[in-house]
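Enquirer: Here is my input; please provide its structure:
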Amino acid sequence: MNTDVTHHRATARAGLLLHTIAILSAIAAISTASPTYAADPKPDAEIKTKSIEARVLLDDRIKADAALAADCLAEGKKWLDKNATESAASRKQDPQFFKDGGWDFERKYTIRSVVADRYVSVLRHDYMDTHGAHPNSDVNTILWDKTENKRISIRPFFTETADNGPTMKAMVKAVIASLKIEKKKRDTSETATDEWFKDVAPSLLKIGAVTLAPSTEAGKSSGLTFHYPPYAVGPYAEGEYVAFVPWETLKPYLAADGARIFGGARPKGDEDDGQ
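Expert: Have a look, this model is predicted:
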């Protein structure tokens, strides 16, 4: 009887071992066949020299629009060439700052919203490491008219946008109110001061980089979002800020084109993402 029990146990262990090996083999096969999702995307343009490694990346939605992709890529390549020239000059003048390698720069273009199947808001994020105290970053925006295949401003959406005019003054007031709310959320209200907000001026060229915010109403925009890089409206440690101005605040100043594209509310997810 003992011999039979021992034999049965040995057989069971052998079966379990074979089953385990089969499972591990299957997992290994799946892992080998699966793509590595963590891999960095392939740059759409890049430069590699002793002085700098820099790249430009376009998101897939931009690449699906040939005219927009060409426009972004042309700008990106100029940015690469400019920084390659500057890094080479810096390395020649101060080679000691390059003993651990060259500068590292990256520019990413991503679509933030598409309104009325015509107006495309693009975010342009820059990362710059020149071996200083810390890397720096910047954000800017592009508003693209798919019908005209060109960059535009928000000017056509308003009856007037003169410097220090009623539209721009109302816009600045709403931007600063939004920034104060954001600072309160981050517990950084001590920097919600006129000193930090002094560069947010009532002028299209000085109020900040703007995008059309997405909306809960299809094809519409819920308002304007203004994007500020570190140092613009707060210390570096506070990072980037986004101010939201709902379209209702600007309703008295809307032109016919503006009245057509604005409506609905800001999606909760957009607010949570801080875009």
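Enquirer: Let me know whether my guess that Tyr231 is in a strand holds.
Expert: No: under the criterion used here (DSSP: H, G, I helix; E, B strand; the rest coil), Tyr231 is coil, not part of a strand.
Enquirer: Roughly how far does it sit from Asp138?
Expert: Remark: distance between Tyr231 and Asp138 (CB to CB, to the nearest Å) = 9 Å. Backbone N, C-alpha and C define where each C-beta goes, glycine included.
Enquirer: more crowded one of the two?
Expert: Asp138 (17 against 14; other CB atoms under 10 Å).
Enquirer: okay, now the closest residue to Ala265 other than its chain neighbours: neighbour count?
Expert: Sequence neighbours aside, Thr216 is the residue nearest to Ala265 in space, at 4.9 Å (criterion: CB to CB, 6 or more residues apart in numbering). Thr216: 13 surrounding residues under other CB under 10 Å.
Enquirer: is it true that Thr216 touches Gly264?
Expert: Yes: taking contacts as CB atoms under 8 Å, Thr216 lies within contact range of Gly264: 4.4 Å.
Enquirer: which residues do these two both contact?
Expert: Among the neighbours of Thr216, those also in contact with Gly264 (CB atoms under 8 Å, 6 or more residues apart in numbering) are Ser222.
Enquirer: Look at Ala38 and report its pLDDT.
Expert: We have a pLDDT of 47 for Ala38.
Enquirer: meant to ask about Gly15
Expert: Reported pLDDT for Gly15: 47.
Enquirer: And for Thr3?
Expert: Confidence score, pLDDT, at Thr3: 44.
Enquirer: How is this structure partitioned into domains?
Expert: Split into domains by the TED database, the chain comes to 42-152, 154-274.
Enquirer: okay, these in a markdown table with mean pLDDT next?
Expert: Putting these into a markdown table (pLDDT from 0 to 100) gives the following:
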| stretch | mean pLDDT |
| --- | --- |
| domain 42-152 | 97 |
| domain 154-274 | 96 |
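Enquirer: Would you map the strands across this structure?
Expert: 45-48, 52-58, 103-115, 119-129, 136-145, 150-152, 209-213, 223-228, 241-246 (DSSP state E).
Enquirer: buried set for the fifth one?
Expert: Neighbour counts using 16 or more other CB atoms under 10 Å place Asn136, Ser137, Asp138, Val139, Thr141, Ile142, Leu143, Trp144 of strand 136-145 among the buried residues.
Enquirer: Quick one: residues contacting the second one.
Expert: If I follow you right, that is Ser137. His125, Asp126, Tyr127, Met128, Pro229, Pro230, Glu240.
Enquirer: Could you do the fourth one as well?
Expert: The neighbourhood of Val139, defined by CB under 8 Å, 6+ apart, consists of Leu123, Arg124, His125, Asp126, Ala209, His227, Tyr228, Pro229, Glu240.
Enquirer: before we move on, what about the fifth one?
Expert: The contact partners of Thr141, by CB under 8 Å, 6+ apart, come to Arg112, Ser121, Val122, Leu123, Arg124, Ala209, Val210, Thr211, His227.
Enquirer: cutoff 10 Å now
Expert: With contact taken as CB atoms under 10 Å, 6 or more residues apart in numbering, Thr141 is in contact with 112, 121-124, 208-212, 225-227.
Enquirer: Quickly list what it is bridged to.
Expert: Per DSSP bridges, the residues bridged to Thr141 are Leu123.
Enquirer: same deal with the first one?
Expert: Taking DSSP bridges, one finds Met128 as the beta-bridge partners of Asn136.
Enquirer: Now render the buried residues of strand 136-145 as a markdown table, adding distance to Pro252.
Expert: Formatted as a markdown table, the buried residues of strand 136-145 follow (distance: CB to CB, whole Å):
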| residue | distance to Pro252 |
| --- | --- |
| Asn136 | 39 |
| Ser137 | 36 |
| Asp138 | 33 |
| Val139 | 29 |
| Thr141 | 24 |
| Ile142 | 27 |
| Leu143 | 22 |
| Trp144 | 27 |
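Enquirer: which of these sit farthest apart?
Expert: Asn136 and Trp144 (26.1 Å; CB to CB).
Enquirer: Please tell me how far the closest residue to Pro43 other than its chain neighbours sits from Phe98.
Expert: Closest residue to Pro43 apart from its sequence neighbours, by CB to CB, 6+ apart: Arg55 at 3.7 Å. Distance of Arg55 to Phe98, computed by CB to CB: 19 Å.
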